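Here is my input; please provide its structure:
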Amino acid sequence: MSKFKKKSSASQDIPTAALPDIIFMLLFFFMVTTVMREQEILVKQLLPKADQLSKIQKKSLVSHIYIGEPKNIGTYGEEPRIQTNDVFMEPDELTLFVNQEKDKLTEAERDRITMALNIDSEVKMGIVSDVEQTLRKSNARKILYKSVRGVDK
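Residues are numbered from 1 along each chain as shown. You can find the predicted model right below:
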């Protein structure tokens, strides 16, 4: 009896001619879809430390308000300032900001908006109290105070 050998005409090489095209398509995809920092922080931020922290569940409902001494003291002075969306504003102007942030959300989510206060640890409580009162008047009652983990002993 004779032995039959199976002849395979298929090549075992992997074609790599389209590999550069695939790599560049992935590169362009990630370049287009990556979101960079939305705003530049113009105030100094040395956040207070805390030991009982919780994470935000739905970050799309959070709007940030930065309070601190301006980084450019020559232009803006040394007094603590309020920053939202790359602009400085006064406490009474926050109502317009809150209404604009609520307009970005759906009707069902508007009452669940959270204002995250990023307050420098050296800021006096007067400006923070003014911001809280304005937020209360504009019906933004959920306030989050941002801090970092750890407590000084």
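
Next, the nearest residue to Arg81 once chain neighbours are set aside: secondary structure please.
Leaving out its chain neighbours, the residue that sits closest to Arg81 by CB to CB, 6 or more residues apart in numbering is Phe88, at 4.8 Å. In short, each C-beta sits where N, CA and C put it, glycine included. Under DSSP: H, G, I helix; E, B strand; the rest coil, Phe88 falls in the strand class.

pretty sure Phe88 is touching Glu79, no?
No - counting by CB atoms under 8 Å, Phe88 does not reach Glu79; the two are 10.6 Å apart.

ok, these two, which is more surrounded?
For Phe88 and Glu79, the more surrounded residue by other CB atoms under 10 Å is Phe88, and the numbers stand at 14 against 10.

which residues touch that one?
Leu42, Pro70, Tyr76, Arg81, Ile82 (CB atoms under 8 Å, 6 or more residues apart in numbering).

ok, of those residues, which come out buried?
Leu42, Pro70, Arg81, Ile82 (16 or more other CB atoms under 10 Å).

Roughly how far does the second one sit from Ile14?
What that stands for is Pro70. Distance, Pro70 to Ile14, using CB to CB, to the nearest Å: 58 Å.

mind listing the strands for the protein?
Remark: strands assigned in the chain by DSSP state E are 49-50, 62-68, 81-84, 87-89, 114-119, 142-145, 148-149.

Out of those strands, which is closest to Pro20?
For Pro20, the closest of these is strand 62-68, at 41.1 Å, according to CB to CB.

Can you mark which positions in stretch 101-119 are buried?
By 16+ other CB under 10 Å, the buried positions in stretch 101-119 come out as Glu101, Lys102, Arg110, Ile113, Thr114, Met115, Ala116, Leu117, Asn118, Ile119.

hmm, back to that, find the pair from the contacts of Phe88 with maximum spatial separation.
Considering CB to CB, no two members of the contacts of Phe88 lie farther apart than Tyr76 and Ile82, which are separated by 11.5 Å.

biggest helix in this structure by residues?
helix 19-33 (DSSP state H).

Give me the distance between that helix and the centre of its chain.
Chain-centre distance of helix 19-33: 25 Å, with CA atoms, centre = their mean, to the nearest Å.

Equivalent analysis for stretch 60-70, please.
Distance of stretch 60-70 from the chain centroid (CA atoms, centre = their mean) equals 10 Å.

Please list the residues outside it that contact it.
Here stretch 60-70 makes contact (CB under 8 Å, 6+ apart) with 39, 41-46, 56, 76-84, 88, 94, 97-98, 101, 105, 109, 112-120, 122-123, 127-128, 131, 144.
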